[in-house]
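Asks: model the structure of this input:
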Amino acid sequence: MDWIERWTQEDRGRFRTGIVRARHRLADSGLFCDPALEELIETHPRELLDIAVMDEDGSSRSWTDMAPGARGGAELLEGARQGRVWMNLRQAFNIHPEYRALLGAVFAELRALHPRFRPDVIKGGLLISAPGARVPFHIDRTDTMLWHLRGKKRVYVYPRSAPVLNEADVEAVLMHPFSDDLPYRSEFDRRARVFDLEPGEVLCWPVHTPHRVVNLDGLNVSMATEYACADVRVRNHAMMFNGLMRRRFGLTPSIDESRGLGLAARAGLGLAARKLKLLPKPDAPAPEAAPGGEPLISAMGEAGHSGA
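Replies: Predicted structure coming up:
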């Protein structure tokens, strides 16, 4: 079966350099109906299951981490359906055999479409989130693709340029151990491209592209894939070195100044600085733990479509 549909010649030209919106048939696998999701949540390693509860404003500082405890798959899925819950089953498509096979088949098709596309590491997580749940304004550290499966989701994709984004912002994310959030201002939305995703659509953009997500309707289910390519690793480590130079010595380096050996040299120095723990760590809000024994749905309140 061909899992990817409508991947045009224009999409081939834009892949990894621009925004691509295409169609897929992953729902035909039968792996994303309620019984399958309940079983997946039930059997997924608890240490790889992230659950966040969001306050009414859905801002980057309103997330509260919540331990799954002994809750079963049906209860957790119902909490996502009725509350303000965002769940990430990290590496679900690398651990569970049926899901791993699907991920492999999808990326085999991508490699066939793009013969020079050779990612080193491919990871796939399953995102399950409530109607109205929001993911704040952020960038990803690697290339990502969002394969939407259930519900309706609005994605705001912003330019990788000032005033929305500058290199210091990217450096701060790359140097921080866990926070991908960026400073957000509502006027940025005038520069965004907005995509309302329906089930069966995939959306991807160049690495380090700022974006945020708002669920519009229904229980939202998406496969989020990330992959590592050599060019992005080199760029990331070079930007870490630039961040060190900017913050420790007051310099104003630019990634665009470096090409070829210069870029590789900065990357090598950035990697060494990271391993030696010489990189400064910008401040970020620490996650706030929720009571582990609190019933999941009552912890959400009466969220529904309130934009949590």
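
Asks: now the closest residue to R111 other than its chain neighbours: how far from R16?
Replies: The shortest distance from R111 to any residue that is not its chain neighbour, by C-beta to C-beta, 6 or more residues apart in numbering, is 5.5 Å, and that residue is F117. For every residue, glycine as well, the C-beta is placed using N, CA and C. Using C-beta to C-beta, to the nearest Å, we find F117 at a distance of 8 Å from R16.

Asks: ok, now D196?
Replies: The spacing between D196 and R16, counted by C-beta to C-beta, is 23 Å.

Asks: so which of those two has more stuff around it?
Replies: Neighbours per residue (other C-beta atoms under 10 Å) separate D196 from R16, with R16 holding more: 16 against 11.

Asks: any weak-confidence spans in the stretch 151-300 of the chain?
Replies: Confidence mapping of the stretch 151-300 of the chain against pLDDT under 70 gives the ranges 261, 282-300.

Asks: please look at R81 and D217 and confirm they touch.
Replies: No. Checked against C-beta atoms under 8 Å, the pair R81 and D217 is beyond contact range at 12.0 Å.

Asks: report the set of residues contacting both of the two.
Replies: P131 (C-beta atoms under 8 Å, 6 or more residues apart in numbering).

Asks: neighbour-wise, which of these two wins?
Replies: Higher neighbour count among R81 and D217: R81, with 18 against 12, using other C-beta under 10 Å.

Asks: what residues are up against the more buried one?
Replies: A130, P131, L219.

Asks: ok, for G72, nearest residue in space, not its chain neighbours?
Replies: With C-beta to C-beta, 6+ apart as the measure, E42 is the residue that lies nearest to G72, at 5.9 Å, once sequence neighbours are left out.

Asks: which element, helix or strand, includes that neighbour?
Replies: Assigned by DSSP states H and E, E42 belongs to helix 34-43.

Asks: for that helix, packing partners?
Replies: Counting contacts by 3 or more C-beta pairs under 8 Å, 6 or more residues apart in numbering; DSSP states H and E, helix 34-43 is packed against helix 73-82, strand 85-89, strand 121-129.

Asks: strand 85-89 and that helix, what's the angle between them?
Replies: Counting by axes from the mean of the first three to the mean of the last three C-alpha atoms, to 10 degrees, helix 34-43 lies at 70 degrees to strand 85-89.

Asks: got the angle for helix 34-43 vs strand 121-129?
Replies: Orientation of helix 34-43 against strand 121-129 (the same axes, to 10 degrees) gives an angle of 110 degrees.

Asks: who does the very next helix or strand once past helix 34-43 touch, helix- and strand-wise?
Replies: Proceeding C-terminally, helix 34-43 gives way to strand 49-54 as the next helix or strand, assigned by DSSP H and E. Counting by 3+ C-beta pairs under 8 Å, 6+ apart, the packing neighbours recorded for strand 49-54 are strand 63-65, strand 85-89.

Asks: how many other residues sit next to the residue nearest to N236 when sequence neighbours are not counted?
Replies: Leaving aside its chain neighbours, N236 sits nearest to L174 (5.5 Å; criterion: C-beta to C-beta, 6+ apart). Other residues lying near L174 total 22 when counted by other C-beta under 10 Å.

Asks: so L174 sits in a helix?
Replies: Yes. According to DSSP: H, G, I helix; E, B strand; the rest coil, the state of L174 is that of a helix.

Asks: I figured it hits M240, correct?
Replies: Yes. Distance between L174 and M240: 5.3 Å, which falls inside the contact criterion (C-beta under 8 Å).

Asks: what ranges do the helices span in the stretch 151-300 of the chain?
Replies: Under the criterion DSSP state H, counting those that start in this stretch, the stretch 151-300 of the chain contains helices at 167-175, 230-249, 261-275, 296-300.

Asks: in JSON lines: these, plus distance to F107.
Replies: Listed next are these as JSON lines, based on distance: least, C-beta to C-beta, whole Å:
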{"stretch": "helix 167-175", "distance to F107": "25"}
{"stretch": "helix 230-249", "distance to F107": "16"}
{"stretch": "helix 261-275", "distance to F107": "25"}
{"stretch": "helix 296-300", "distance to F107": "33"}
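
Asks: right, and those - which one's nearest D50?
Replies: Nearest of the helices of the stretch 151-300 of the chain to D50, taken as C-beta to C-beta: helix 296-300 at 14.0 Å.

Asks: I'd assumed L48 was in contact with L89.
Replies: Yes. Counting by C-beta under 8 Å, a contact exists between L89 and L48, whose distance comes to 6.8 Å.

Asks: with neighbour numbers in mind, choose between these two.
Replies: In terms of neighbours (other C-beta under 10 Å), L89 is the more surrounded of L89 and L48; the figures are 25 against 14.
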